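>>> take this sequence and fold it.
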Amino acid sequence: MSMRSPADAKVTAVLGPTNTGKTHLAVERLCGHASGIMGFPLRLLAREVYDRVVAAKGAHQVALITGEEKIVPPQARWFLCTAESMPLDREVAFMGLDEGQLGADPERGHVFTDRLLRARGYAETMILGAETLKPLLRKLLPEAEIVTRPRFSTLAYAGPKKLSRLPKRTAIVAFTAAEVYAIAEMLRRQKGGAAVVMGSLSPRTRNAQVAMYQSGEVDYLVATDAIGMGLNMDIAHVAFAGLGKFDGKRQRRLTLAEMAQIAGRAGRHQRDGTFGTVQLGTDEQCSFTPEEIEGLEAHRFEPITQLMWRNHDPDFSSLARLVASMDARPPRPELVRADDALDLAVLKRLAGEPWVMERARSRLLGERGLTRLWQACSLPDYRKTGVEAHTRLVGRVFRHLTEGDGRLPDAWIAAEIAHLDRVSGDVEAIADRIAAVRTWTYIAHRPDWLDGAAQWAERTRALEDRLSDALHGALTQRFVDRRTAVLLRDLKARGADALVAIEGDGTVAVDGEAIGRLEGFRFTADAAARAGEQRLLLAAAERHLVRELARRARALAESPAGDFALVAGGGGQQLHWRGARVALLRKGRDALNPRVELDRAVAALGPDDRKRVQARLDLFVREGVARVLAPLAGLAALAGMAGAAATLSPPARGLVVQLVAALGVLDRAPLAEQLAGLTRADRQALARHGVRLGPQHVFVPTLLRPEPTRWRLALWAVAQDLAQLPPLPPPGRVSLASEGLAPDYLAVAGYWLVGPQAVRIDMVDRLARHIHDRRDGRAPFMPDPAWATSLGLSHDGLARLLRALGYRPRLVDGATQFAWAGRPPAQRRAVDAAAVPDAGGNGASPFAILAAMKGR
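From the prediction side, this is the model:
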């Protein structure tokens, strides 16, 4: 590109507000020439236009040059670049510069001013910018043709709005990352989420976020003022969360031109846009002045009077002259020397280092050493670490470039990249790693700085892509609740037509987004949902599951008994249908007739469905009692039938009533008088119903089996209003430790309390009968060791059981035997542990006592 354009070269300035098609016009002109270069303020914009030109011209003829990315085919004719990366040494027919008004920017303005004044195409030069640039261009470029383009649509003030009242397709603009994240978090809770766009995001992440917004996956965008730089999005309304920002030196109010740059993103092509402020419920509320509103709506702003300037021709003859040349005064009053940019600030700090001054004076290095120093100082501070920290990095780079082979060590670069190659962490951590990777990407595109530049560039690009994908995922996870967005659309707009699916595991999904689980009739909102989302999920379930719940009610009413179960759980004895709780058992008129109380979710069914469910569950309980507890049901019927009951004597009728109330197990001792009054016919009738009149208990042996025992304990707990039962006795266990178990529980479970142990009563009955048949009156007998084994008792435990049965130990020929003591039945009770101490340290066992007697 020639810095001295031919006399007939055309310079055109196309000025106007946003949404005027300026960039589109410039790209058309670029493609209309045989070659061209166009500079943009953002890497993202350069990439966007690059993709468009590639589609028109082919990838082999189009180049992309930014600080971190270089795609330069050998036959490249059209170059899309950031302003800083424009290849000024090329001759091209067309030269374009976007956002020329950025020449007034304190930080980067000198770059745009330099391109505006010096960069020329030999056929045409086009400068795009705001209309505020017009008076200054008249002075600086009198030969330029200035074309003013009106905005395609109108921009109107819509006033302040609460966050919850913002219309769809709104962009909320804040000026710090913390504010952006806070607003996005609020939008997630209230609106289902938002896309996030900030200047610090990588292009890949930013594109993914913008695509999410453009596709309608989310209806809101939260951004910093980077949104004002030409990003083409379908935005209807721009809401300012603040009207001030920190410009690197101080907190100040936005200029009207800056407000316009941002507000102008609202509206696209022929569609009008609106702008306003958003009320976030904080003490600090922002508002536009009437003058600002009028200026924004009419696109009238104060003209730019000065541009930032810096000497474009550094003097590399010495370090002092290099610094002095960068401090040169501008040649015109319309140009002002910019404050020290980062590169110059770093240079001045390094210029004071003795080792830098020594290398700068080195004859071996000559001007090449100073050139490399200035190149190193131009390394961008993507991480925003500040001048001091960045100076240390630049100093290390320069040290390596001026010693040895003049290359950066591969080991250093590899270690730094490996340290950054992690996709874990939160949004801030991943974003910081991307910024650090951009530094190494920039370095990798300097082939004179390192060996294998192409491989390093590919490696850093791949790492930035991985981190960018991870950042997009982290942003989406943190600030987008797809489920809530789906529900909001459904609840407010779509009625009941949304696709509702219920997976095999009970997961309920609306339009593919899981909202919770349906277990039986109980809907449980997703545990990960926040408090505000819970209401939405429950509302969605209520809306969409009506038909499904009705279908399930009909299915329950027609289900066989195998689909139901009586289950002990927290809160009481539960009835389950197909594994899900549907009701609780409550105390009824007696133990065999509990009341079925529908679960709250089931009780919310319609009246007809509720009646069907209630009737089927009542029937299941009645049939369960009649089937599992058939002997008890038969005894209850026997006591309630007048004709049959007339055949029983009064003592027998009383015994039956007590046995049914006790759920099939009675201690015999208190029943002595009733049992004495039983007739032969009474005993035969009881035997036909499975009742055994044992020496210690009156019980029904078949009711001691595991399933009847489980039902009896459940009905007993309901009758006692117990919310929780101890664990059921393991099937087959004939004895167990009694610690912590109530005597009433053990009795219903079918166990007899004998000291610290409890023995199943049918085994006690069997042992008592066996001993009775074996003994000879009151003659002593030797206990069979197999008895203890069969009962699961220790030596001392068997002794306690024999004492409880009325036998006493005696010492016969040096051996412990037992003899019938002949005590009245009413006195044969379970022996308390304190009365019969065991061998565990609470006293001597009966065998130990006899041993002591023998010793005497």
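
>>> show me what counts as buried in stretch 607-625.
The neighbour-count criterion (16 or more other C-beta atoms under 10 Å) identifies Asp609, Arg612, Val613, Gln614, Arg616, Leu617, Phe620, Val621, Gly624, Val625 as the buried residues of stretch 607-625. Where C-beta positions appear, they are placed from N, C-alpha and C, glycine not excepted.

>>> for the fourth one, which non-adjacent residue is closest in space?
When you say that, I think you mean Gln614. Leu598 (6.2 Å; C-beta to C-beta, 6 or more residues apart in numbering).

>>> likewise for the last one?
Using C-beta to C-beta, 6+ apart and skipping the chain neighbours, the partner closest in space to Val625 is Leu592 (5.5 Å).

>>> so who does that neighbour touch?
By C-beta atoms under 8 Å, 6 or more residues apart in numbering, Leu592 lies in contact with Val625, Leu629, Leu632, Ala633, Ala636, Val660, Leu715.

>>> and the least confident of the residues you listed?
Among the contacts of Leu592, Ala636 has the lowest pLDDT, at 86.

>>> now do the helix or strand where it lies: which elements does it pack against?
Here Ala636 sits within helix 630-640, counting by DSSP states H and E. If you count contacts as 3 or more C-beta pairs under 8 Å, 6 or more residues apart in numbering; DSSP states H and E, helix 630-640 packs onto helix 607-628, helix 642-645, helix 650-661.

>>> what angle sits between it and helix 650-661?
140 degrees (axes from the mean of the first three to the mean of the last three C-alpha atoms, to 10 degrees).

>>> angle of helix 630-640 against helix 607-628?
Using the same axes, to 10 degrees: helix 630-640 against helix 607-628 is 100 degrees.

>>> phi first, then psi, for Glu69.
As for Glu69, its main-chain torsions (degrees, to the nearest 10) stand at phi -150, psi 130.

>>> list the contacts for it?
Taking C-beta under 8 Å, 6+ apart, one finds Arg43, Arg47, Thr441, His445, Arg461 in contact with Glu69.

>>> now, these that are in helices?
Within these, residues falling in helices by DSSP state H are Arg43, Arg47, Thr441, Arg461.

>>> turn the residues you listed into CSV, including distance to Ala768.
As requested, the ones in helices among the contacts of Glu69 are arranged in CSV below (distance: C-beta to C-beta, whole Å):
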residue, distance to Ala768
Arg43, 95
Arg47, 94
Thr441, 91
Arg461, 89
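
>>> among those residues, who's most crowded?
Thr441 (25 neighbours; other C-beta atoms under 10 Å).

>>> can you tell me how far that residue is from Leu475?
Noted for Thr441: a distance of 21 Å to Leu475, by C-beta to C-beta, to the nearest Å.

>>> where does the closest residue to Leu648 other than its chain neighbours sit, in terms of helix or strand?
Setting aside the residues directly before and after it, Leu648 is nearest to Asp682 in space (C-beta to C-beta, 6+ apart), at 5.9 Å. Here Asp682 sits within helix 680-688, counting by DSSP H and E.

>>> what helices or strands is that helix leaning on?
With 3+ C-beta pairs under 8 Å, 6+ apart as the test, helix 680-688 has helix 650-661 packed against it.

>>> ok, and the closest non-adjacent residue to Val621?
Val621's closest residue in space is Val596 (C-beta to C-beta, 6+ apart), at 6.0 Å.

>>> how many other residues sit next to Thr431?
For the record, residue 431 is Ala, not Thr. So Ala431, with other C-beta under 10 Å, has 23 neighbours.

>>> also Ala298?
For Ala298, using other C-beta under 10 Å, the count is 9.

>>> the one 5 residues further on now?
Applying other C-beta under 10 Å, we find 12 other residues in the vicinity of Pro303.

>>> output the contacts of Glu69 as CSV; include the columns distance to Thr305 and pLDDT.
Converted to CSV, the contacts of Glu69 look like this (distance: C-beta to C-beta, whole Å; pLDDT from 0 to 100):
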residue, distance to Thr305, pLDDT
Arg43, 30, 85
Arg47, 33, 88
Thr441, 38, 92
His445, 37, 90
Arg461, 42, 90
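
>>> any stretches of the stretch 201-350 of the chain with poor pLDDT?
For the stretch 201-350 of the chain, applying pLDDT under 70 flags the ranges 229-231, 269, 281-285.

>>> and the strands in it?
220-223, 237-240, 244-246, 251-253, 273-279, 307-309, 335-337 (DSSP state E, counting those that start in this stretch).

>>> what does the fifth one rub up against?
If I follow you right, that is strand 273-279. 19, 153-163, 166, 172, 183, 235-241, 243, 263-267, 285-288, 296.

>>> just those residues: which are in helices?
Ile183, Ala263, Leu296.

>>> contacts only, for the second one.
With contact set as C-beta under 8 Å, 6+ apart, Ala263 has these partners: Leu155, Val238, Phe240, Gly273, Phe275, Leu296.

>>> so the second one touches Arg265, yeah?
The reference is to Val238. Yes - counting by C-beta atoms under 8 Å, Val238 does reach Arg265; the two are 5.6 Å apart.

>>> now the common contact residues for those two.
What both Val238 and Arg265 touch, as defined by C-beta under 8 Å, 6+ apart, is the set Ala171, Gly273.

>>> returning to that earlier point: what pairs with whichever helix or strand comes after the helix holding Asp682, parallel or antiparallel?
For helix 680-688, the following helix or strand on the C-terminal side (DSSP H and E) is strand 692-693. If you go by DSSP bridges, strand 692-693 pairs up with strand 697-699 (antiparallel).

>>> which parts of the strand it pairs with are buried?
His697, Val698, Phe699.

>>> with stretch 595-605 instead?
Val596, Glu597, Leu598, Asp599, Ala601, Val602, Leu605.

>>> so what's the first one up against?
When the contact criterion is C-beta under 8 Å, 6+ apart, the partners of Val596 are Leu575, Ala583, Leu584, Leu585, Arg586, Gln614, Leu617, Asp618, Val621.

>>> at 7 Å what do you get?
Contacts for Val596 (C-beta atoms under 7 Å, 6 or more residues apart in numbering) come out as Leu575, Ala583, Leu585, Gln614, Leu617, Asp618, Val621.

>>> kindly indicate which of those lies nearest Gly755.
Ranked by distance to Gly755 (C-beta to C-beta), those are led by Leu585 at 33.9 Å.

>>> and the closest one, that one's in a strand?
Yes - assessed with DSSP: H, G, I helix; E, B strand; the rest coil, Leu585 lies in a strand.

>>> surely it and Pro594 touch.
Yes - the pair Leu585 and Pro594 qualifies as a contact (C-beta atoms under 7 Å) at a distance of 4.3 Å.

>>> what residues do the two have in common as contacts?
Val718.
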